[in-house]
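Chemist: Here you go, sequence then predicted model.
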There are 2 protein chains.
Amino acid sequence: MRHQAAGSPPLWAVIPAGGAGTRLWPISRSTRPKFLLPLLGERSLLQQTVDRLAGLVAPERTLVVCGPAHAAQIARQLPELPADNILVEPAPRSSGPAIGLAAALIDRREPGAVMGSFAADHDVRDGAAFARAVRVAVAAAQEDSLVTIGRAPARPETGYGYIERTDEVVVETDEGSAFRASCFHEKPDREQAAGYLASGRYLWNASMFVWRAGTLLREMGRLQPELHAGVVRIAAGWETVERENLTTSLWAALPESSIDQGVLERAERVAVVPAAMGWSDVGDWHGLGDLLDHDHAGNSVRGELVQIGTTNSAVWSETGRLIALVGLDNVVVVDAPDALLVADRTKAQQVRHLVNRLREAGHGERL
Amino acid sequence: MRHQAAGSPPLWAVIPAGGAGTRLWPISRSTRPKFLLPLLGERSLLQQTVDRLAGLVAPERTLVVCGPAHAAQIARQLPELPADNILVEPAPRSSGPAIGLAAALIDRREPGAVMGSFAADHDVRDGAAFARAVRVAVAAAQEDSLVTIGRAPARPETGYGYIERTDEVVVETDEGSAFRASCFHEKPDREQAAGYLASGRYLWNASMFVWRAGTLLREMGRLQPELHAGVVRIAAGWETVERENLTTSLWAALPESSIDQGVLERAERVAVVPAAMGWSDVGDWHGLGDLLDHDHAGNSVRGELVQIGTTNSAVWSETGRLIALVGLDNVVVVDAPDALLVADRTKAQQVRHLVNRLREAGHGERL
């Protein structure tokens, strides 16, 4: 089927701003998580996410779903958004309830509208490729598909989930095509990841979704009727005096589930748009180091570094202190005012366990 | 020759407090060098040096030779010393002039006196063995030898100088013997060091010297007549109104030379007392790490550490920050308020080059 995206109805966007980014401790903190931080430039990852949508989505159609602890900071970082577009969850229930509530609100405000969901704390290097992929996805969404956007894998990555696609074209536009998706896969082991890369049919799951709000709600109603009933009921009272009562009484009882597992993995008519957009989840210090500029020795530095015989290392300092490294390879040094992290880059994922241990040991003030 | 140390005349001590300890940067600084720091306990290395001499040397016979920048701190750290016993060099000229001036002053105050010279920034684990060795050395010094005290090597160390001894006994006491020394050797390479260790005739040069002040002055007069004339002339005016004039005019012209190279390596009648006293020069972070207590994973920690999979590493924090290490082996982390050092322990010697580089780059305020 051939399709022109031009003339589409205005797109809505929802940005779930959850997740603590614990693997980026000690810079990412519970009160100032990853998405609020300017990790890749002058603007925060959240601001860059909104910037990336410029030309695709108007600010008045951009919703951010967040927790109570972050609403004020988000409101300050995104002054162009109407205050009502910052939806505050009373408690985190994973992405299913967050995106479901946004869909229910959008469907009430503009029946038939197409919405996209984009994580608040990921990076995309090629904004033009991203925009093209979104327009292709919108075209497929208008055909009632649940559409994901995936990145062609650059390496046998074991830290990401994968989407397996078929060769069946769902929609074809001047800017690219959407294909029928066949399966979602959780993070693979090394051997599986190598097989995925070789096959050419697997894409990194970038947590980017485009659909009609109504299509999602229909599938959610079929697959998760309890969740569907809850978000529809909360949305119905959202603009009324009942909002606080509804969120207090209903929200905590919603089943906690991700949109991937709750809906997408079991839904009909799921499509995927492959996009060479340089996506990354900025998941840990190893990955962030890769995204920063490198010097001739392979070191990426934010701060003041003097080194002897040190290679392939990443330094991130927020204290203004001089960082001196001698004879090291492949380490990451993260220097915060109240904590210092030094890690082997290949083990940067384990920072999450470190944070768990600190929590158990009562170091809450540093998390 | 059999000798009893009992009944010896009172011993004098001189403690040359020079050297910046640059390999212990960023804790050791030019304004607060290694010997002023409590690196191994509550008291500074200088204070521990004086403590170690308790019972051997009275405070009024203990002299410290230092630079202008450190005189006041030394006076505060050693309140038991008469202020006049803190000899301030206008400029560093290495150990030859410092020890020579002290010898000239001691010889004027108490002709025939025996003096010992002990570095201000070394560590000795076994104080009783040290005291025994000093008493043996005093006995040999009374026979007009220039006596050194050396430690039997514990490993094929390439970071120390060595003293080669003969089997000729210079003096024998109930507490040990002094042997004729045959040669001084600079820091060896790995292969040489292994040969030294195997031979059993080589001792680590611990920079500990015992002699009659008059014996040293006589040998200095023979081997370094210019230096000898200078220190004798300064000593003659030391207690007079001329001191400032003399030090200003003569001191800077004294030939810069270490007591080892200027006198000992060329002198006659040099003896050495072997001592199993657990001596170390506390030279770099690797060596200091070895001297600190270790946990079950081989980590030595001063500060607050949380770690995952980290072994044989040394942490020294002076900031109160939490230090988190992940997946590292054999590193040293030194956390000062204005600078952070992370180094491979086997390359800890290179911290000296780092400091040189910082000096050249105009980072004087951090050195």
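Modeler: Nice, I can see it.

Chemist: Please, where are all the helices along chain A?
Modeler: Listed in chain order, the helices of chain A (DSSP state H) span A:45-52, A:71-77, A:95-109, A:127-141, A:190-199, A:213-223, A:225-237, A:243-250, A:259-262, A:285-291, A:351-360.

Chemist: For the stretch 101-250 of chain A, give me the ranges with low pLDDT.
Modeler: By pLDDT under 70, the stretch 101-250 of chain A has no low-scoring segment.

Chemist: mind listing what the residue in it positioned nearest to chain B touches?
Modeler: Using CB to the nearest CB, residue A:159 is the residue of the stretch 101-250 of chain A that sits closest to chain B, at 15.8 Å. C-beta: built from backbone N, CA, C; applies to glycine. Residues in contact with residue A:159 (CB atoms under 8 Å, 6 or more residues apart in numbering or on different chains) are A:187, A:281, A:283, A:284, A:287, A:349.

Chemist: Then residue A:170?
Modeler: Contacts of residue A:170 (CB under 8 Å, 6+ apart): A:1, A:140, A:143, A:145, A:147, A:177, A:178, A:179, A:180, A:271.

Chemist: is it possible to export those to a markdown table including distance to chain B?
Modeler: Formatted as a markdown table, the contacts of residue A:170 follow (distance: CB to the nearest CB, whole Å):
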| residue | distance to chain B |
| --- | --- |
| A:1 | 51 |
| A:140 | 42 |
| A:143 | 47 |
| A:145 | 42 |
| A:147 | 38 |
| A:177 | 43 |
| A:178 | 41 |
| A:179 | 40 |
| A:180 | 42 |
| A:271 | 40 |
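
Chemist: Let me know the closest of those to residue A:99.
Modeler: Among the contacts of residue A:170, residue A:147 lies closest to residue A:99 (CB to CB), at 13.6 Å.

Chemist: For the residue nearest to the spatial centre of chain A, which non-adjacent residue is spatially closest?
Modeler: The residue lying closest to the centre of chain A (CA atoms, centre = their mean) is residue A:119, at 2.3 Å. In this structure, residue A:119 finds its nearest non-sequential neighbour in residue A:207, 4.5 Å apart by CB to CB, 6 or more residues apart in numbering or on different chains.

Chemist: Could you do residue A:301 as well?
Modeler: In this structure, residue A:301 finds its nearest non-sequential neighbour in residue A:315, 4.7 Å apart by CB to CB, 6+ apart.

Chemist: State the pLDDT value of residue A:365.
Modeler: Note for residue A:365: predicted pLDDT of 87.

Chemist: Now list the buried members of the contacts of residue A:170.
Modeler: A:140, A:143, A:145, A:147, A:177, A:178, A:179, A:180, A:271 (16 or more other CB atoms under 10 Å in any protein chain shown).

Chemist: ok so, going back, pull the contacting residues for the residue nearest to residue A:119.
Modeler: Per CB under 8 Å, 6+ apart, neighbours of residue A:207: A:95, A:117, A:118, A:119, A:122, A:260, A:281.

Chemist: Can you name the residues of chain A that neighbour chain B?
Modeler: Contact residues (CB under 8 Å from any CB of the partner chain) of chain A with chain B: A:25-26, A:306, A:308-309, A:317, A:321-328, A:331, A:333, A:335-344, A:346-348, A:350-351, A:353-354, A:357-358, A:361, A:363, A:366.

Chemist: So what does residue A:238 have for phi and psi?
Modeler: The phi/psi pair for residue A:238 (degrees, to the nearest 10) reads phi -60, psi -40.

Chemist: so who does it touch?
Modeler: Shown in contact with residue A:238 (CB under 8 Å, 6+ apart): A:105, A:246.

Chemist: try residue A:203
Modeler: When contacts are counted by CB under 8 Å, 6+ apart, residue A:203 touches A:150, A:151, A:152, A:153, A:162, A:163, A:165, A:272, A:274.

Chemist: beta partners of the nearest residue to residue A:160 once chain neighbours are set aside?
Modeler: Of all residues not flanking residue A:160 in the chain, residue A:204 sits nearest, at 4.7 Å (CB to CB, 6+ apart). Judged by DSSP bridges, the bridge partners of residue A:204 are residue A:151, residue A:162.

Chemist: Residue A:204 and residue B:52: what is the separation?
Modeler: To residue B:52, residue A:204 is 64 Å away according to CB to CB, to the nearest Å.

Chemist: Likewise for residue A:317?
Modeler: Note on residue A:317: its distance to residue B:52, by CB to CB, is 40 Å.
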